[in-house]
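# sequence and predicted structure are below.
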Amino acid sequence: MKSRGPITAFAPHEVNRFLAPLALATTFFMLVLIINGALAEPRPNLYLVYYGVAGILYVLAYTVLIARSTFFRRRYSWSNSIISGIGMGLITYILPVHLHELFHILIIFAAIGCATTSGRIYTYINLLLIGIVSLPNNIQGITLVENALDYFGPFIISVIAVEIYLRLKDTTLQHIHRLETINKVSQQLMQSLDTEQVLSLLNATVLDTLDADTYFIGLLKGDDIQLELFYDDGEYYNGTKVPLAGTLSSWVINNQKELFLPDLREDVNLAGVSMRVVGKEKTSMSWIGVPLKSVNITGIMALASYKPNSFDLADLELLLSLAQHVTLALDNTIRHAQVE
């Protein structure tokens with residue numbers, strides 16, 4: 001079962017927070033170009049001055065007008081990628097030798113800026129255009145290995161920086177999405193007085209926020225665990241009951257502590273615990289279990305995967321938070337049923 005909800009992009013003010021330092025640094029380097037062009041000997045290099053002025057105007061226009069609007073940012077992502085790519089590539093034809101390193105810095109800035117506002121595809125198109133436009137001016141110099149490394153080095157660094165940035169961004173957005181989902185579902189759970197509705201909400205939440213092959217809620221009934229909600233690899237098992245003794249669930253319930261086992265290929269050093277297959281005849285390789293405990297409830301909520309290292313500490317924290325809300329909601333349904 002591999003399903004997660006849509007992850008939204010950063011809001012415009014959040015994009016500006018990332019983009020502002022890049023815009024400021026780029027403006028500074030454009031001023032360096034203007035000053036060098038104006039003070040060039042024996043006469044001013046007007047191409048450098050014009051390029052610097054155009055660069056500042058473009059950066060300010062994009063930062064102030066386009067990046068602050070989600071509508072315009074989506075509409076002009078292609079044009080920004082193409083224009084900035086071609087513009088960055090042309091700088092090599094007018095840049096003095098003593099400012100050659102500035103080209104390398106601006107390549108990295110352009111890649112990160114494009115990744116911030118537009119995403120991976122537009123960023124790589126931008127880098128590709130920079131390379132295509134600038135290569136003819138550098139083709140003779142890169143025949144030597146050291147010169148080739150000097151030319152291609154900034155592109156390689158840009159790719160690495162972009163991938164690190166985008167993966168951190170995806171992780172952050174996923175975390176935000178999870179928090180929003182937990183907040184939304186907690187309000188719905190507290191308003192529900194029906195057990196089936198609580199379990200249905202929980203099922204939808206797990207599908208939307210977690211990546212698990214198996215998940216279940218089990219309530220202690222004597223010496224057994226009644227699995228009130230049990231999905232295994234997309235199949236629902238209704239009314240399943242398993243013995244408590246000797247299971248991972250028994251350890252969680254008896255110790256009232258969470259249990260995080262990222263790789264079950266390693267030995268589980270828990271006294272009195274042995275592996276037991278429930279549901280499909282497949283052995284889980286990752287497992288997380290957290291206790292459910294209230295006046296009327298003793299049980300467990302657990303996730304499992306058929307792949308090792310499928311879960312991390314963020315999944316454990318999410319499950320702990322979700323378990324707290326589910327415990328209160330189920331306890332309320334039992335109290336309500338008792339009153340009825």
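Cool, the structure landed.
# please enumerate the strands of the chain.
According to DSSP state E, the chain carries its strands in the segments 214-221, 224-232, 235-236, 240-243, 259-261, 286-293, 298-305.
# mind putting the ones you listed into CSV with mean neighbour count, distance to residue 202 and mean pLDDT?
Just so you know, the C-beta spots here come from the backbone N, C-alpha and C atoms, and that holds for glycine as well. Putting these into CSV (neighbours: other C-beta atoms under 10 Å; distance: least, C-beta to C-beta, whole Å; pLDDT from 0 to 100) gives the following:
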stretch, mean neighbour count, distance to residue 202, mean pLDDT
strand 214-221, 22, 7, 86
strand 224-232, 20, 6, 84
strand 235-236, 11, 13, 78
strand 240-243, 14, 16, 81
strand 259-261, 18, 19, 90
strand 286-293, 23, 11, 91
strand 298-305, 24, 8, 90
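# and residue 115, which of those is closest to it?
Evaluated with C-beta to C-beta, the strands of the chain place strand 298-305 nearest to residue 115, the distance being 30.4 Å.
# packing partners of the closest one?
strand 214-221, helix 248-255, strand 286-293, helix 313-339 (3 or more C-beta pairs under 8 Å, 6 or more residues apart in numbering; DSSP states H and E).
# rerun at 10 Å
helix 195-209, strand 214-221, strand 224-232, helix 248-255, strand 259-261, strand 286-293, helix 313-339 (3 or more C-beta pairs under 10 Å, 6 or more residues apart in numbering; DSSP states H and E).
# identify the residues contacting the residue nearest to residue 303 when sequence neighbours are not counted.
By the measure of C-beta to C-beta, 6 or more residues apart in numbering, the closest residue to residue 303 outside its immediate chain neighbours is residue 212, 4.2 Å from it. Going by C-beta atoms under 10 Å, 6 or more residues apart in numbering, residue 212 touches 1-3, 206, 231, 233, 284, 286-288, 302-306, 310-311, 315, 319.
# same check on residue 215?
1, 202-203, 206-207, 229-232, 288, 301-305, 319.
# same list (the helices and strands packed on strand 298-305) but as JSON lines, adding distance to residue 16.
Formatted as JSON lines, the helices and strands packed on strand 298-305 follow (distance: least, C-beta to C-beta, whole Å):
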{"stretch": "helix 195-209", "distance to residue 16": "28"}
{"stretch": "strand 214-221", "distance to residue 16": "39"}
{"stretch": "strand 224-232", "distance to residue 16": "42"}
{"stretch": "helix 248-255", "distance to residue 16": "45"}
{"stretch": "strand 259-261", "distance to residue 16": "38"}
{"stretch": "strand 286-293", "distance to residue 16": "38"}
{"stretch": "helix 313-339", "distance to residue 16": "27"}
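# how about these, which one is nearest residue 102?
Nearest of the helices and strands packed on strand 298-305 (C-beta to C-beta): helix 313-339, 40.0 Å.
# packing partners of the closest one?
helix 145-191, helix 195-209, strand 214-221, strand 259-261, strand 286-293, strand 298-305.
# buried residues in stretch 259-277?
259, 261-262, 264, 273 (16 or more other C-beta atoms under 10 Å).
# kindly export it (C-alpha atoms) in PDB.
Extracted C-alpha coordinates of stretch 259-277, given in PDB (Å, rounded to 0.1, in the frame of the first residue of the first chain):
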ATOM      1  CA  LEU A 259       9.000  -0.200  19.500                       C
ATOM      2  CA  PHE A 260      11.000   0.800  16.400                       C
ATOM      3  CA  LEU A 261      12.500  -2.000  14.300                       C
ATOM      4  CA  PRO A 262      13.800  -0.600  11.000                       C
ATOM      5  CA  ASP A 263      15.400  -3.800   9.900                       C
ATOM      6  CA  LEU A 264      14.000  -7.200  10.900                       C
ATOM      7  CA  ARG A 265      16.700  -9.100   9.100                       C
ATOM      8  CA  GLU A 266      18.700  -8.500  12.300                       C
ATOM      9  CA  ASP A 267      18.000 -10.500  15.400                       C
ATOM     10  CA  VAL A 268      15.200  -9.100  17.700                       C
ATOM     11  CA  ASN A 269      16.700  -9.200  21.100                       C
ATOM     12  CA  LEU A 270      13.500  -9.000  23.100                       C
ATOM     13  CA  ALA A 271      12.900 -11.500  25.900                       C
ATOM     14  CA  GLY A 272      10.000 -13.800  25.200                       C
ATOM     15  CA  VAL A 273       9.300 -12.400  21.700                       C
ATOM     16  CA  SER A 274       9.200 -14.500  18.500                       C
ATOM     17  CA  MET A 275       8.200 -13.500  15.000                       C
ATOM     18  CA  ARG A 276       4.700 -14.400  13.900                       C
ATOM     19  CA  VAL A 277       3.100 -13.900  10.500                       C
END
